[in-house]
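Trainee: how does the following fold in three dimensions:
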Amino acid sequence: MSANLNDNFLSEEEEKRYEELAKMAFDYARHDECENLEMMIKAGLSVNLKTHKGDTLLMLAAYNNSLNTAKMLLEKGAKVDEKNDRGQTPLAGVCFKGHLKMCELLVKYGANIDENNGLGMTPYTFAVMFGRKEVALFLLKHSKKSLLKRLGLWALRIFK
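Mentor: Here you go, the predicted model:
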């Protein structure tokens, strides 16, 4: 966890239990255990809880293609474009992995297709770079069409 829990006057035992619960929540997000994670959120767990690397529950769900969990998190107000410590958004991870349905869900909830990670990389760039043609085509339809993006699709056709 990024914040020192002792600052909130938790005992060492309470802090340890909190860390165990957070680990459970992260695992639920990764493995699409939507019902268990939803119970934790209803009990007061932050929908935008982050790992020590800045990965949100949504990012973990999206990257692992946990579609039901991602949808539930978004419905409960998870920040769709929250970046981790490396400047990556959930959509960028999905484009790297090639999960089309997850990509569609994130875009439906307002994910920024053209979000730059600070190194000039966008979700669209990841889709093209890793040969995720279906994802790249979807993003192209929902983004500003530029010459650079068209060239990326052209490269996908040539190198496949």
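Trainee: tell me which residues of the strand or helix carrying residue 140 come out buried.
Mentor: Element membership for residue 140 (DSSP states H and E) is helix 133-141. Using 16 or more other CB atoms under 10 Å as the test for burial, helix 133-141 gives 133, 135, 136, 138, 139, 140. Quick note: C-beta positions are derived from backbone N, CA and C, even for glycine.
Trainee: quick one, what contacts the fifth one?
Mentor: Just to be clear, that refers to residue 139. Shown in contact with residue 139 (CB atoms under 8 Å, 6 or more residues apart in numbering): 95, 103, 107, 113, 123, 124, 127.
Trainee: not counting sequence-adjacent ones, nearest residue to it?
Mentor: residue 124 (4.7 Å; CB to CB, 6 or more residues apart in numbering).
Trainee: helices or strands up against the strand or helix carrying the one you found?
Mentor: In this structure, residue 124 sits in helix 123-129 according to DSSP H and E. Based on contacts counted as 3 or more CB pairs under 8 Å, 6 or more residues apart in numbering; DSSP states H and E, the elements that helix 123-129 packs against are helix 90-97, helix 133-141, helix 147-159.
Trainee: the second one to helix 90-97, inter-axis angle?
Mentor: On the basis of axes from the mean of the first three to the mean of the last three CA atoms, to 10 degrees, helix 133-141 is oriented at 140 degrees to helix 90-97.
Trainee: what average pLDDT does helix 133-141 get?
Mentor: Average pLDDT, helix 133-141: 90.
Trainee: what's the answer for stretch 96-106, then?
Mentor: Rounded mean pLDDT across stretch 96-106 is 96.
Trainee: just how off-centre is that stretch within its chain?
Mentor: Using CA atoms, centre = their mean, to the nearest Å, the mean C-alpha position of stretch 96-106 is found 10 Å from that of the whole chain.
Trainee: hey, C-alpha coordinates of it in CSV?
Mentor: Output of stretch 96-106 as CSV, limited to C-alpha atoms (Å, rounded to 0.1, in the frame of the first residue of the first chain):
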residue,chain,number,x,y,z
PHE,A,96,-1.1,-5.1,-25.2
LYS,A,97,-2.9,-8.3,-24.3
GLY,A,98,-5.4,-8.0,-27.2
HIS,A,99,-8.7,-8.4,-25.2
LEU,A,100,-11.2,-6.9,-27.7
LYS,A,101,-14.3,-7.2,-25.5
MET,A,102,-12.5,-5.6,-22.6
CYS,A,103,-11.3,-2.9,-24.9
GLU,A,104,-14.9,-2.2,-26.0
LEU,A,105,-16.1,-2.1,-22.4
LEU,A,106,-13.4,0.4,-21.3
